[in-house]
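take this sequence and fold it.
(one chain, ligands or ions: 1)
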Amino acid sequence: MLSRDEPIPGMPNSTQRDRKYHRQRARLVASLRERGIDNERVLAAIGRVPRHAFVDPALRNRAYADEALPIGQSQTISQPFTVAYQTSLLAPQPDDRVLEVGTGSGYQAAVLCEMGVRVFSIERHQALLERTKTLLDRLGYRVVTKHGDGTNGWVAFAPYDGIIVTAGATDVPDPLLEQLREPSDAGGDGGRLVIPVGGRGGQQMQRITRTGPTRYQREDFHSFRFVPLVSEEDGE
Ligand code: SAM
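Numbering: from 1, shown residues only. A predicted model of the protein is given here:
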């Protein structure tokens, strides 16, 4: 009898690989659920995105482990738990406009696309962004991207229903607050910013909701450790 991950004679290798990744994704989703992620739309999106396509071929056997992995330029693809956690806090609805700061590998953007979100994403490393754009196009994920400093936001497409920052900030950039959608006259909250804030050693996840033209409500969540958010002013 064949064990679950042994090749099946006669079946094309590509089909066998797809099945293997499919099983690994299902196990990843189950482990995220066990760790407390309960947003079914987020879990379904993670269950569909081929994370193995977003990592270096040499690391594909670790693509569905719950760990961050290097993507070059001293950057990382975030741990799946972190992606699930931030996306759950953002809780985007289909057709929402979401700005991502820190495109990196494109994985987070792909998860948002799978949720029917209109994604705008900024990355400060041009070479990384070019590679990621090619990959997202090839996989059919439509993400509007830009090379630049995401701490300035992206005025051209503002206001946003959500902004997600995937690098560790030392403080909350004002332009991101200003580019959140204001609450409508009909009631309901305005846009939400999900951002890890702290020092280089670790950051606290914050969710900041726009509750009026100049009013914001802040909620604090778990601690994480991200690569730093580097602004033009930092000059690195
Ligand atoms: N969201 C990414 C993914 O799914 O792979 C993870 C990104 S990685 C943890 C953080 C990214 O933020 C890096 O690619 C880094 O170059 C980028 N970054 C850091 N500071 C930035 C800034 N000011 N503007 C835009 N991108 C920035």
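
residues of the chain that sit close to the ligand?
For the chain, the contact set with the ligand under CB under 6 Å from any ligand atom comprises 75-78, 101-102, 104-105, 107-108, 122-125, 128, 149-151, 166-167, 226-227, 229-231. Heads up, the C-betas are built off the backbone N, CA and C, glycines and all.

which of those residues fall in strands?
If you go by DSSP state E, the residues of the chain next to the ligand have Gln75, Thr76, Ile77, Val101, Ile122, Glu123 in strands.

tell me what the fourth one is bridged to.
It refers to Val101. For Val101, the beta-bridge partners are Ile122, Val165 (DSSP bridges).

report pLDDT for it.
We have a pLDDT of 98 for Val101.

Lys146 is in contact with that one, correct?
No. Val101 is beyond contact range of Lys146, at 10.6 Å (criterion: CB atoms under 8 Å).

need the residues touching each of those two.
Residues touching both Val101 and Lys146 (CB atoms under 8 Å, 6 or more residues apart in numbering): Ser121, Ile122.

more crowded one of those two?
A side-by-side neighbour count of Val101 and Lys146, using other CB atoms under 10 Å, places Val101 first with 27 against 16.

show me the contacts for that one.
Contacts of Val101 (CB under 8 Å, 6+ apart): Ser121, Ile122, Gly150, Thr151, Gly153, Ile163, Ile164, Val165, Thr166, Ala167, Leu176, Leu229.

please identify the buried residues of the helix or strand harbouring Ala30?
Assigned by DSSP states H and E, Ala30 belongs to helix 13-34. Applying a neighbour-count criterion of 16 or more other CB atoms under 10 Å, one finds Lys20, Tyr21, Gln24, Arg25, Leu28, Val29, Leu32 buried in helix 13-34.

skipping adjacent residues, who's closest to the last one in space?
When the adjacent residues along the chain are set aside, Leu32 lies closest to Ala84, with 5.0 Å between them (CB to CB, 6 or more residues apart in numbering).

pLDDT averaged over the strand or helix carrying the one you found - what is it?
Element membership for Ala84, per DSSP H and E: helix 80-90. In this model, helix 80-90 has a mean pLDDT of 98.

that helix vs helix 13-34, what angle?
Interaxial angle, helix 80-90 versus helix 13-34 (axes from the mean of the first three to the mean of the last three CA atoms, to 10 degrees): 60 degrees.

which stretches of the protein have low pLDDT?
Along the chain, segments meeting pLDDT under 70 span 1-16, 235-236.

centroid-nearest residue for it?
By CA atoms, centre = their mean, the chain has its centre lying nearest to Gln108, at 2.5 Å.

quick revisit: nearest to Asp66, of the contacts of Val101?
Thr166 (16.4 Å; CB to CB).

and the residue nearest to Ser74 when sequence neighbours are not counted, how many neighbours?
Nearest non-adjacent residue to Ser74, counting by CB to CB, 6+ apart: Val227, 7.3 Å away. Using other CB under 10 Å, Val227 has 17 other residues around it.

centre of the chain versus stretch 136-145, how much separation?
Distance, stretch centre to chain centre, for stretch 136-145: 14 Å (CA atoms, centre = their mean, to the nearest Å).

need the distance between the two termini of that stretch.
End-to-end span of stretch 136-145 (CA to CA, to the nearest Å): 10 Å.

for it, buried residues please.
Buried-residue list, stretch 136-145, by 16+ other CB under 10 Å: Leu136, Tyr141, Val143, Thr145.

OK, contacts around Gly190?
By CB under 8 Å, 6+ apart, the contact list for Gly190 reads Leu180, Arg181, Glu182, Pro183, Thr209, Arg210, Thr211, Gly212.

check Thr134 too.
With CB under 8 Å, 6+ apart, Thr134 has no contacts at all.
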